[in-house]
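Participant: sharing a model that was predicted from the sequence below.
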Amino acid sequence: MGAGHSHARPTGHAGARHRTGLAIAFALTSAFFVVELIAGLVSGSLALLSDAGHMAADVVALGAALLATMIASRPDSTGRRTFGHYRVEIFASGLAVLIMLGMGVYVLLEAVSRWGSHAPVATGTMLLVGVLGLVVNVISILLLRGGSSESLAVRGAYLEVVADAAGSVGVIAAALLMRATGSTVWDLVVAVAIAVFIVVRSLMLGRQVLAVLAQHAPAGIDPAAVESHLASVGGVDEVHDLHLWTLTSGMDVGTVHLVVGSDVTHSDVLEESRRVLLDEHGIEHVTVQIETAGVVGCRELGW
């Protein structure tokens, strides 16, 4: 019986190369979130408040990506965190989901309570903050665009900022429409649109977070296809105990047991099975256990 594991083509956190851009974008977004939140409360604009809620999620997303690049490779001094600190990003994403859901639901309830009223809205403040927010988002987009193609953590933060830029455009449009028509209903319409967008995005992100925490097979990978490809490796008689999951963004791992004949060279099977998992399915870190046919293995022992 033999076993082996592979770290072929280790990539680590590519986002580390873009840490400076992440840090600048995080600082800009955090500062402007405070400005937009205060401006929303002072101006009475629900659209500004809803966009501030989305920007809060941006702060968490950027902070999670930045934190992941800082501590993901930090050695564990306790010896108990056998997977290291890679899951920090996933837990931070879960926090972002809660923030987005909370803000989205709050804005929707507030919009319902305000419907039919004509509460004054300071469109000048709203327009100014909307334009400044768009500028901050564009700067962040430029800072993160390069790393978005290399790191999933950076890409997640990049997409959040792009979405928030769309929210800033909505705030500007609402302010201009209110100035042109004199009706505050546009503030409610834009606020509801942004809130619905936030809730939908939070549910989508939450589904991804739960899939990772529940150790589902990575998105885009079919366990049945992986098992079939491994079964086709020369010398393999049976494949069992195949487990595939995502450790953190961009880091898919797996374990599998292969039963081979007594005359098969284990090292050859190990090398070919690793190649199949990496080249055909993109699974970089894999542990393969070889069991010789006729010898008592884990299948007989249970689990």
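Facilitator: Received the coordinates, thanks.

Participant: every contact and neighbour count from this point should use C-alpha atoms.
Facilitator: Fine.

Participant: biggest strand in this structure by residues?
Facilitator: strand 236-248 (DSSP state E).

Participant: burial check on the closest residue in space to residue 234 that isn't next to it in sequence, number of neighbours?
Facilitator: Here the nearest residue to residue 234 in space, its sequence neighbours aside, is residue 269; by CA to CA, 6 or more residues apart in numbering that works out to 7.1 Å. The number of residues packed around residue 269, counting by other CA atoms under 10 Å, is 20.

Participant: check whether residue 269 really touches residue 237, as I assumed.
Facilitator: No: assessed by CA atoms under 8 Å, residue 269 is found out of contact with residue 237, at 11.2 Å.

Participant: doesn't residue 86 lie inside a strand?
Facilitator: No: counting by DSSP: H, G, I helix; E, B strand; the rest coil, residue 86 falls outside a strand, being coil.

Participant: that one: neighbouring residues, count only.
Facilitator: 21.

Participant: next, it: phi, psi?
Facilitator: phi -60, psi -30 (degrees, to the nearest 10).

Participant: gap between it and residue 125?
Facilitator: According to CA to CA, to the nearest Å, residue 86 and residue 125 sit 42 Å apart.

Participant: wait, a strand at residue 288?
Facilitator: Yes: the assignment for residue 288 (three-state DSSP) places it in a strand.

Participant: can you list contacts of the longest strand of the chain?
Facilitator: With contact meaning CA atoms under 8 Å, 6 or more residues apart in numbering, strand 236-248 is reached by 86-87, 89-90, 212, 215-218, 223, 227, 230-231, 252-261, 269, 293, 299.

Participant: helices or strands up against whichever helix or strand comes after it?
Facilitator: Using DSSP states H and E, the helix or strand that follows strand 236-248 in sequence is strand 251-260. Applying 3 or more CA pairs under 8 Å, 6 or more residues apart in numbering; DSSP states H and E, one finds that strand 251-260 contacts strand 236-248, strand 285-292.

Participant: residue 120 falls within a strand, correct?
Facilitator: No: applying three-state DSSP, one finds residue 120 to be coil, outside a strand.

Participant: neighbours of it, how many?
Facilitator: Here the count is done by other CA under 10 Å, and residue 120 has 11 residues near it.

Participant: now swap in residue 181 and tell me
Facilitator: Counted with other CA under 10 Å, residue 181 comes out at 10.

Participant: with residue 46 instead?
Facilitator: Count around residue 46 with other CA under 10 Å applied: 26.

Participant: roughly how far apart are it and residue 190?
Facilitator: Distance, residue 46 to residue 190, by CA to CA: 8 Å.

Participant: what about the stretch 51-200 of the chain, any weak spots by pLDDT?
Facilitator: Flagging of the stretch 51-200 of the chain using pLDDT under 70 yields the residue ranges 72-76, 79, 84, 116-119, 148-153, 156.

Participant: which residues of it fall in helices?
Facilitator: 88-114, 123-144, 152-181, 185-213 (DSSP state H, counting those that start in this stretch).

Participant: list the contacts for residue 209?
Facilitator: Taking CA under 8 Å, 6+ apart as the test, what residue 209 contacts is 90, 93, 94.

Participant: out of those residues, which comes closest to residue 64?
Facilitator: Using CA to CA, residue 93 comes nearest to residue 64 of the contacts of residue 209, at 7.1 Å.

Participant: what's the closest non-adjacent residue to the closest one?
Facilitator: Nearest one to residue 93, counting by CA to CA, 6+ apart, is residue 61 at 6.6 Å.

Participant: that neighbour reaches residue 155, doesn't it?
Facilitator: No: applying CA under 8 Å as the test, residue 61 and residue 155 come out as separate, 10.1 Å apart.

Participant: gap between the residue lying farthest from the centre of the chain and residue 191?
Facilitator: Relative to the centre of the chain, the most outlying C-alpha is that of residue 263, 45.9 Å out, by CA atoms, centre = their mean. According to CA to CA, residue 263 and residue 191 sit 69 Å apart.

Participant: do residue 101 as well
Facilitator: In terms of CA to CA, residue 101 sits 14 Å off from residue 191.

Participant: now swap in residue 237 and tell me
Facilitator: 60 Å.
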